[in-house]
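*Asks:* give me coordinates for this.
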Amino acid sequence: MTASSRPRARAVLVVAAALACAAFVALGSWQMKRLAWKEALIARVQAHLHAAPVDAPGPARWGALVRETDEYLRVRLRGRYRPEAATPVRAVTALGGGYWVLVPLQTTQGFVVLVNRGFVAPEMQPSQRDVAADDAHEEEVAGLLRFSEPGGAFLQRNDAAAERWTSRDVQAIGVARGLTGAPLAPYFVDAEAEPDLPDAWPRAGLTVVHFRNDHLAYAATWFVMATGAAAAMALAIADGRRRRKCAPV
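*Replies:* Model (predicted):
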């Protein structure tokens, strides 16, 4: 590199470092905003989990449900199960691989909600898996409101014709089971375990409530990179000043 080209190269380096520093600071700031959002979300969910159950939202409220504020809300329902329309959905839980058992509940309010009665192991007989509750009497159910999981799992689509369900897709299950006689809620409910029947099958109460929160680490990484870019810019500027002072008059 010739002496005349050094100042130009140095100027390019300074500009590039300044742009990189600004970009890294912006990314770090964005991650800090995401951190605040995630912490607020976790706080809301924890408040839901420890609150007393409220009546499950009826049709008038379905259009206003929002995942960030309403998911994992503790709700209660009363009605009769329809075990003939139970649907096993593939699941992996703390007990291993198996199925969630989703059963329609005809509520006393006149609408239907899919209730995840809990987990069963794959070696259970179909009669054990499909019949989740007695529909001869009304039951009260408490659980967590969950939003529908349309389509299927990653790289594993739901196949209603083959009775292969990999996600709890409320609308698709409703169509497959012919749940057209009453309004079907756009959510499902993960039933809570009954204190007096902790080892009952299906095994309820296995909902995992966990939110990955690495935003602080990501923000720190971007700010460290911004510091490095700022240091490179400062060194380039200092080098230019030093060279100008040492240049012959």
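*Asks:* number of residues surrounding Pro57?
*Replies:* For Pro57, the neighbour count with other Cβ atoms under 10 Å is 20. Bear in mind the C-beta positions are built from the backbone N, C-alpha and C, glycine included.
*Asks:* residues in contact with it?
*Replies:* Neighbour list for Pro57: Leu65, Asp70, Val75, Leu145, Ala185, Tyr187 [criterion: Cβ atoms under 8 Å, 6 or more residues apart in numbering].
*Asks:* just the ones of these in strands?
*Replies:* Members of these lying in strands (criterion: DSSP state E): Val75, Leu145, Ala185, Tyr187.
*Asks:* now the helix or strand hosting Leu105: mean pLDDT?
*Replies:* Assigned by DSSP states H and E, Leu105 belongs to strand 96-107. Strand 96-107 carries an average pLDDT of 89.
*Asks:* buried ones in it?
*Replies:* Gly98, Tyr99, Trp100, Val101, Leu102, Val103, Pro104, Leu105, Gln106, Thr107 (16 or more other Cβ atoms under 10 Å).
*Asks:* returning to that earlier point: most neighbours among the ones in strands among the contacts of Pro57, which one is it?
*Replies:* Using other Cβ under 10 Å as the neighbour test, those are led by Ala185, with 26 neighbours.
*Asks:* so that residue versus Leu145, what's the distance?
*Replies:* Going from Ala185 to Leu145 by Cβ to Cβ, to the nearest Å gives 9 Å.
*Asks:* and for these two, which residues touch both?
*Replies:* Shared contacts of Ala185 and Leu145, defined by Cβ under 8 Å, 6+ apart, comprise Ala56, Pro57.
*Asks:* from the contact counts, what lies against the strand or helix carrying Ala22?
*Replies:* Under DSSP H and E, the secondary-structure element containing Ala22 is helix 6-49. Helix 6-49 sits against helix 67-70, helix 215-246, with contacts defined as 3 or more Cβ pairs under 8 Å, 6 or more residues apart in numbering; DSSP states H and E.
*Asks:* go through those helices and pick out the most buried.
*Replies:* Mean neighbour counts were compared across the helices and strands packed on helix 6-49 using mean count of other Cβ atoms under 10 Å; the top stretch is helix 215-246, at a mean of 14.
*Asks:* just how off-centre is it within its chain?
*Replies:* Its chain's C-alpha centre and that of helix 215-246 lie 38 Å apart, by Cα atoms, centre = their mean, to the nearest Å.
*Asks:* tell me the angle of that helix relative to helix 6-49?
*Replies:* 160 degrees (axes from the mean of the first three to the mean of the last three Cα atoms, to 10 degrees).
*Asks:* give the contact list for Asp70.
*Replies:* Per Cβ under 8 Å, 6+ apart, neighbours of Asp70: Pro57, Leu145.
*Asks:* what is the neighbour count of the residue nearest to Trp62 when sequence neighbours are not counted?
*Replies:* Among residues not flanking Trp62 along the chain, Pro186 sits closest, at 5.5 Å (Cβ to Cβ, 6 or more residues apart in numbering). Around Pro186 there are 17 other residues, counting by other Cβ under 10 Å.
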